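Undergrad: One predicted model, sequence on top.
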Amino acid sequence: MTRLLGNDKESFTISIRLAKNSLSIASRALVDTGANGLAFINAHLARLLSGHFQTSLITLDDPLKVRGFNGAEAQPIRQALILHLLVDGRQQMDMPFLVTDLGKHEVILGKKWLAENRILPDCYRRCLIWPEERSLKEELVSKHFIGVPRSILKKPILNKTHQEDITRRDRLWAGTEPAQGCSRTPCAEPLIPPVIHGRSYKKSHEASLARMDRELRKARVRFLEPEQEKEPVSPPPKRDWRKNAKKATELDIALIGAIEFSRHTCQRGVELCMTSLHKINKRIEELKGPVDSDNPEIEEIKEQLLERY
């Protein structure tokens with residue numbers, strides 16, 4: 001009997017992803033060669049994806065008539081949804097899905113979709129035979145979309161008691177509902193002052209305008225007031241930085257070998273430093289010679305340059 005009639009689990013369905021705005025949702029699609037159309041999507045799933053992907057359903061100008069396998073006429077299709085279809089590592093951008101009631105199936109890929117893409121369905125291996133291999137560009141684009149779990153589409157179950165309490169609290173803040181112990185007539189002033197959570201765009205805009213107005217007033221006052229003549233300030237006298245420099249520590253310089261140097265560094269209280277003979281000679285000349293400029297390095301450069309430079 002299993003050879004004569006299959007079950008629902010043996011339907012020719014494939015894994016797909018429906019994407020929009022860099023997000024994608026995993027789903028399964030029924031490949032139906034008897035469906036005389038491009039692609040169909042369940043109405044319930046279409047409403048969930050429309051809200052999650054922040055895209056709107058498109059109303060058709062002329063409703064499309066639908067007939068079942070037995071020829072019975074069903075409800076006409078009045079809406080469509082534009083989504084990206086990702087299947088077998090390939091991506092089809094801005095593909096229109098007709099919104100209708102599909103029963104237990106979420107998506108149906110019809111005969112026109114198979115013919116348009118020249119795809120052969122392999123029922124034995126339960127896969128699709130594409131006319132050509134997918135390109136590297138299609139593989140990279142298909143990985144661009146961020147996968148989102150299906151659980152995010154499920155709406156949380158609201159507790160009626162909690163929802164009524166939140167609604168009553170909002171009315172008390174707005175002052176449209178009196179508090180407990182007050183008459184049903186609207187009070188002149190609410191018993192509970194409204195609470196502002198965070199900072200809205202309107203508040204931020206008003207604060208920016210007020211700050212700009214204060215700055216304009218300060219600029220106007222500075223422009224209208226006559227500037228007082230300021231007495232010229234004489235530059236501070238030049239100081240010899242060598243006079244304020246710390247007195248150099250007297251050191252004994254001697255040449256030692258590598259072994260002696262290694263033993264010396266192992267002793268406690270020994271501090272290592274690095275210099276050159278050029279720096280030592282320069283420092284000696286600075287301490288002995290007169291001061292002609294604030295920057296002795298510039299004077300040294302001038303002495304080494306030719307007169308024409």
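TA: Okay, I see it. Numbers count the residues shown, from 1 in each chain.

Undergrad: OK, contacts around the nearest residue to Leu48 once chain neighbours are set aside?
TA: Here the nearest residue to Leu48 in space, its sequence neighbours aside, is Leu153; by Cβ to Cβ, 6 or more residues apart in numbering that works out to 4.6 Å. Every C-beta, even on glycine, is put in place using the N, C-alpha and C of the backbone. The neighbours of Leu153, taking Cβ atoms under 8 Å, 6 or more residues apart in numbering as the test, are 25, 48-49, 52.

Undergrad: I'd like to know which of these is nearest to Tyr124.
TA: Ile25 (29.1 Å; Cβ to Cβ).

Undergrad: what does stretch 48-57 contact?
TA: For stretch 48-57, with Cβ under 8 Å, 6+ apart as the criterion, the contacting residues are 18, 20-21, 23, 25, 41, 46-47, 79-83, 99, 148, 152-153.

Undergrad: so what secondary structure elements neighbour whichever strand in the chain runs longest?
TA: As assigned by DSSP state E, the longest strand anywhere in the chain is strand 73-87. In this structure, strand 73-87 packs against strand 13-20, strand 23-31, strand 39-42, helix 43-52, strand 58-67, strand 90-100, with contacts taken as 3 or more Cβ pairs under 8 Å, 6 or more residues apart in numbering; DSSP states H and E.

Undergrad: Now it: average pLDDT?
TA: Regarding strand 73-87, the rounded mean pLDDT is 90.

Undergrad: wouldn't Leu98 be in contact with Asn42 here?
TA: No. Between Leu98 and Asn42 there is no contact, the gap being 10.7 Å when judged by Cβ atoms under 8 Å.

Undergrad: Show the model's pLDDT score for the residue nearest to Leu48.
TA: Here, the pLDDT recorded for Leu153 equals 74.

Undergrad: repeat for His44
TA: Reading off the confidence values, His44 has pLDDT 91.

Undergrad: residues near it, how many?
TA: For His44, the number of neighbouring residues by other Cβ atoms under 10 Å comes to 13.

Undergrad: With Ala26 instead?
TA: The burial count for Ala26: 13, using other Cβ under 10 Å.

Undergrad: Contacts only, for the residue nearest to it when sequence neighbours are not counted.
TA: On the basis of Cβ to Cβ, 6+ apart, the spatially nearest residue to Ala26 that is not a chain neighbour turns out to be Arg17, at 5.5 Å. Taking Cβ under 8 Å, 6+ apart as the definition of contact, the neighbours of Arg17 are 24-27, 85-87, 145, 147.

Undergrad: and the residue nearest to Leu38 when sequence neighbours are not counted, helix, strand or coil?
TA: Nearest in space to Leu38, with sequence neighbours left out and distances taken as Cβ to Cβ, 6+ apart, is Lys112 at 4.6 Å. When classified by DSSP: H, G, I helix; E, B strand; the rest coil, Lys112 comes out as helix.

Undergrad: surely Lys112 meets Gly37?
TA: Yes. The pair formed by Lys112 and Gly37 meets the contact definition of Cβ under 8 Å, at 5.8 Å.

Undergrad: more neighbours, those two?
TA: The neighbour comparison of Lys112 against Gly37 (other Cβ under 10 Å) goes to Gly37, with 18 against 13.

Undergrad: what separates that one from Glu260, distance-wise?
TA: 95 Å (Cβ to Cβ, to the nearest Å).

Undergrad: I'd like the average pLDDT over stretch 211-219.
TA: pLDDT averaged over stretch 211-219 equals 82, rounded to a whole number.

Undergrad: Can you report how many residues neighbour Ile119?
TA: The burial count assigned to Ile119 is 17, neighbours taken as other Cβ under 10 Å.

Undergrad: ugh, wrong one, Arg126
TA: 13.

Undergrad: With Arg222 instead?
TA: The burial count assigned to Arg222 is 9, neighbours taken as other Cβ under 10 Å.

Undergrad: Quick check: which element contains it?
TA: Secondary-structure assignment from DSSP states H and E places Arg222 in helix 201-224.

Undergrad: which residues sit in contact with Gly71?
TA: By Cβ under 8 Å, 6+ apart, no residues touch Gly71.

Undergrad: after the worst-scoring helix or strand of the chain on mean pLDDT comes which helix or strand?
TA: Comparing every helix and strand of the chain by mean pLDDT, DSSP states H and E singles out helix 241-244 as the least confident one, with a mean of 59. Counting by DSSP H and E, the next helix or strand C-terminal to helix 241-244 is helix 258-265.
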